[in-house]
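# Sequence and predicted model, in that order:
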Amino acid sequence: MKLNQQKVEEAVLAVLWLTLHNEAEAWKTIDWDTMDRLHQKGFISDPTHRAKSVIFTEEGLAEAERAAGKILV
């Protein structure tokens, strides 16, 4: 699967913008509220654990692949 890097960068900038605070600062991790909502929808494992990663559910993996398809070449 080949990604359109310009679209990936655009998506990352959009995610960073969503975490904007102090006028020009952005968190370099995904917003906790968003991660919690993805967990509540059953897409990922509980993000509040100490692990630095989450695990996709089968449904979540399919949804993530569908979303990634929007940025494919």
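Looks like it came in fine.

# switch to C-alpha atoms for all contacts and neighbour counts from now on
Fine.

# Need the single longest helix in the chain, by residues.
Looking only at the chain and at elements set by DSSP state H, the helix with the highest residue count is helix 5-18.

# List the buried residues in that helix.
Residues of helix 5-18 classed as buried by neighbour count (16 or more other CA atoms under 10 Å): 15-16.

# which outside residues touch it?
When contacts are taken as CA atoms under 8 Å, 6 or more residues apart in numbering, the neighbours of helix 5-18 outside the stretch itself are 26-28, 30, 71.

# Include neighbour count, secondary structure and pLDDT when you put the residues you listed into TSV, please.
As requested, the contacts of helix 5-18 are exported to TSV (neighbours: other CA atoms under 10 Å; DSSP: H, G, I helix; E, B strand; the rest coil; pLDDT from 0 to 100):
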residue	neighbour count	secondary structure	pLDDT
Ala26	16	strand	89
Trp27	13	coil	81
Lys28	9	coil	81
Ile30	13	coil	84
Ile71	17	coil	77
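
# Return the closest of these with respect to Ile44.
Ranked by distance to Ile44 (CA to CA), those are led by Ile30 at 13.2 Å.

# May I have the phi/psi pair for the closest one?
Torsion angles at Ile30 (phi, psi; degrees, to the nearest 10) stand at phi -70, psi 140.

# Quick check: the gap between it and Thr57.
18 Å (CA to CA, to the nearest Å).

# do Glu10 as well
Using CA to CA, Glu10 is found at 26 Å from Thr57.

# same question, Leu38
From Leu38 across to Thr57, the span is 10 Å (CA to CA).

# again with Gln40
Noted for Gln40: a distance of 12 Å to Thr57, by CA to CA.

# Can you show me the helices along this protein?
Counting by DSSP H, the helices of the chain are 5-18, 32-40, 58-69.
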